[in-house]
Each structure stands twice: as C-alpha cells, then as structure tokens.
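A.B. asks: Quick check, what structure comes out for this input:
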Amino acid sequence: MKMTKKKLFSDEPVQIGSDSGYDNYIMAIESSCDETACAIVKNGREVIANVVASQIKTHAQFGGVIPEIAAREHLDSINIVVEEAFKQAESTEGIKPEDITAFAGTVGPGLVGCLLVGLNAAKTLALVYDKPFIGVNHLNAHLCANYLDTDLKPPFIALLVSGGHTQIIDVKSYSEQVIIGETIDDAVGEAYDKVARLIGLPYPGGPKLDKMAQEGNPKAFKLPQAKVDEFDFSFSGLKTAVLRLVNSFDGKDLPVKDICASFQECVSSTLVKKVKKALEKSGYTQVVIAGGVAANSEIRKKMFALSDEGYKVFAPPMKYCTDNAAMVASCAYFNSNTFDDINVEVFSRVK
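C.D. replies: This next block holds a predicted model:
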C-alpha cells in the first residue's frame, strides 16, 4: 500500500504508507463531539502519544451534549492537548514537531462548531511545519482503531456501533469499504441513551445501562426484534416496547436491572445474528467491532464468542472505542480515500 501526499509549499512528494521505505509519524486531531484529542502514531499501528480531554462532566448537568458549549471547551483545550502530545512523543521516542510526516484532522461527520476547532488546528500545524495535511472521515477512523497494536489486514466484516451510527461494513481493502447494512431509524447508542433516560438513569446513560444489565435477568422480558432487510437494523420499535413496559408498572417498583438486561440481550443478539449472516455470505474469516458502543460488555462478549466458530475477532481496547485521535492518525496512514486538500471543509453528516 502506497500513498503520495504532496507538500504544501513545494513539489517534493512525501510517500506515506507501508511501501514508503521509512517510518511515518502522523499527528492527528479529533474534535467531532465532546472529546478534544491529539495523538501521534507510527506507521499506522504504534501509538507514540495519545491525549484526550473529555467534557462528560460539563455536559452531564444538561443530560446531553450542548454543541455551543462543546465548541468553546474545544477552544480551551486544543493547545493543551497538542502540546502534551508533542511532549509525550519527545520523551518516549525523541520525536520533535519537525519529525512529523503529516498532520491529520477529522473532517466529519460531527458537530460543525466542534469539528472546525480541531480541523483548523491540524491545518495550521501542517502550514507551520510545511507538511502534508490529511482529512479523515470519523467513521472510517473508528474502523481503523482495530489496526492499532494489531496485525489486522483486510478483508473483514466490520460492525460499527456508535451514538449516531449502526452499520455492517464489508472492508474489502484499506481503501474500499462497502456499507451492506445500517439502521433505518435509531442508532444503537441513541437507543441505549433514550432507554436509559426512560428508566431514570443519568447521562451518559449507555454505560450505566450496561453496568446495571450485568446484574439483571436477560430473560425477564421478551422484547421484539425488528424484521427489516437482510443486514439492516431498526431500534425505534424496541425503544417504544420498553416505554410501554415501563408504563405498565404504573407506580409499582420498576425492575430496572431486569429491564436493562432484557433490552441489552435483545440488542446484542440482533447485532451479532446479522454480523454472522454477513460473515457467512462474504466467506471472510475475520470480523471487527468498532465505535463507542464497542465498549459494551455484552456486545463484546457475543462478538468474541464467534471465535468458537472459527472466526478471528478484533475489538479495540476500551480507550480506543470512544472518540480519540490515535484512530484518526491510523486512518490517515492506511486509507487512501482520505481528503488531502488543505481547503477541505467540515461536514456534519455522512457523505
């Protein structure tokens, strides 16, 4: 795999990729939602520096992310995380700013005001150090989190599960990825957060629901699995079923743990059943899970159970499931379908 990214102020090309013949150090910035992150990754796999400033405590009081507040916090944090990443890289590998091969930033999807902070910072660094700039799709980056500290190579089937997206992707090569199934309404993470709110769990609801589910009976309540096209998903009906279940108790003590466990069993079974069908149809022997909801205990458990059927299963460590810049740097290295125009603009939705 080879990519050529031209320098901004000269005609000398810079080779980025495994065939370049030398080590590549890519610094990336991620600011699509409520984490301000900066990382430096060597050759797409070895994390040299990784810094994340989270805003969870700030937004918890509002029950969700407030875009304007998030953008302001990114502005407050961006210089700090960049400086800390440079400091980590120099102390561990002796890497200085001028040693960086290219700078990368998340282009979208995400909150526009938030994206602009990180993307403009990455562009500025590329201009200051006269290095290539690489724009990255946030969803592709989540897939590439599986390349960090592993020997994973395409082809494979990927399950991407996050607050805004639920997709099954046929990853044919580093640059060719085909979405073969996705949600037609709510994403998995969105469904988790809405159900958590229904039963009175505080923000962020998904991780708290997961924790309570581990103490409940997953067979306490039979919840519906939507019947949609072969690899597509629908979770709005499940959310409504939980609402009706909660209302049926009408003042009685709510069996919160059992509701959580039953909901989580329904979601995880639906996801893995369709992933298995995709594996059988593709003939692939490798499968990965990616995105923030990839940190969910039951979904990970069921996915890794596929290894008992002969599949090789990959999942990022917890710190690389949620938004981070190491996955963005890895994506900039491996994916040739990135944006290398310094004038690229942010986008809020998938293009």
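
A.B. asks: distance of the residue lying closest to Q286 once chain neighbours are set aside from V275?
C.D. replies: Spatial nearest neighbour of Q286, chain neighbours left out: F156 (3.7 Å); criterion: Cβ to Cβ, 6 or more residues apart in numbering. C-beta coordinates here come from the backbone N, C-alpha and C atoms, glycine included. Separation of F156 from V275 (Cβ to Cβ, to the nearest Å) stands at 11 Å.

A.B. asks: again, but for S282
C.D. replies: S282 is 11 Å from V275, where distance means Cβ to Cβ.

A.B. asks: again with I199
C.D. replies: 27 Å.

A.B. asks: And for S330?
C.D. replies: From S330 over to V275 (counting by Cβ to Cβ), the distance is 22 Å.

A.B. asks: Comparing the two, which residue is more hemmed in?
C.D. replies: More crowded of S330 and V275, by other Cβ atoms under 10 Å: S330, with 30 against 23.

A.B. asks: pLDDT score for D11?
C.D. replies: D11 is assigned 42 on the pLDDT scale.

A.B. asks: my read: D193 touches G163, true?
C.D. replies: Yes - under the criterion of Cβ atoms under 8 Å, D193 makes contact with G163 at 6.9 Å.

A.B. asks: which residues sit against the helix or strand harbouring P207?
C.D. replies: In the assignment (DSSP states H and E), P207 maps to helix 205-213. Residues from elsewhere that reach helix 205-213 (Cβ atoms under 8 Å, 6 or more residues apart in numbering): 163, 189, 192-197, 199, 201-202, 256-257, 260-261, 263-265, 292-293, 295-298.

A.B. asks: Looking at strand pairing, list the partners for A49.
C.D. replies: Bridge pairing for A49 (DSSP bridges) gives the partners I40.

A.B. asks: mind listing what it touches?
C.D. replies: Counted by Cβ under 8 Å, 6+ apart, A49 has contacts 38-40, 84-89, 92.

A.B. asks: now the helices: where do they sit in this protein?
C.D. replies: Listed in chain order, the helices of the chain (DSSP state H) span 56-60, 67-93, 112-129, 138-144, 188-198, 205-213, 236-248, 256-282, 297-304, 318-321, 326-334.

A.B. asks: show me what contacts the residue nearest to K312 when sequence neighbours are not counted?
C.D. replies: Counting by Cβ to Cβ, 6+ apart, K312 lies nearest to Q286, which is 4.8 Å off, once chain neighbours are set aside. Applying Cβ under 8 Å, 6+ apart to Q286 gives the contacts 152, 155-157, 311-314.

A.B. asks: Outline the domain layout of this structure.
C.D. replies: For the chain, automatic domain parsing gives the domain ranges 3-149+322-334, 156-316.

A.B. asks: Please name the nearest non-neighbouring residue to P218.
C.D. replies: With Cβ to Cβ, 6+ apart as the criterion, P218 has its nearest non-adjacent residue at 3.7 Å, and that residue is E265.

A.B. asks: Ok, V41 next?
C.D. replies: A329 (3.8 Å).

A.B. asks: Please identify every residue contacting each of S282 and V275.
C.D. replies: Residues touching both S282 and V275 by Cβ under 8 Å, 6+ apart: I157.

A.B. asks: one step back: now render the domains of the chain as CSV, adding distance to R349.
C.D. replies: As requested, these are exported to CSV (distance: least, Cβ to Cβ, whole Å):
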stretch, distance to R349
domain 3-149+322-334, 5
domain 156-316, 9
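
A.B. asks: residues of stretch 334-350 that come out buried?
C.D. replies: Buried residues in stretch 334-350, defined by neighbour count with 16 or more other Cβ atoms under 10 Å: 334-335, 338-340, 344, 346.

A.B. asks: which residues are in contact with that stretch?
C.D. replies: By Cβ under 8 Å, 6+ apart, the residues outside stretch 334-350 that reach it are 1, 3, 5-6, 8, 17, 44, 104, 107-112, 115-116, 119, 123, 126-127, 132-137, 139-140, 144, 147, 165, 174-176, 331-332.

A.B. asks: so who does the residue lying closest to R300 once chain neighbours are set aside touch?
C.D. replies: Spatial nearest neighbour of R300, excluding adjacent residues (Cβ to Cβ, 6+ apart): A315 at 5.8 Å. With contact set as Cβ under 8 Å, 6+ apart, A315 has these partners: 146, 288-290, 294, 300, 303-304, 321.

A.B. asks: next one: L75
C.D. replies: Contacts of L75 (Cβ under 8 Å, 6+ apart): V117.

A.B. asks: likewise G216?
C.D. replies: Counting by Cβ under 8 Å, 6+ apart, G216 makes contact with 255-262.

A.B. asks: Next, work out how far apart it and E265 are.
C.D. replies: 9 Å.

A.B. asks: go on, L116?
C.D. replies: 41 Å.

A.B. asks: show me where pLDDT drops low in the stretch 201-350 of the chain?
C.D. replies: Counting by pLDDT under 70, the stretch 201-350 of the chain contains low-confidence ranges at 350.
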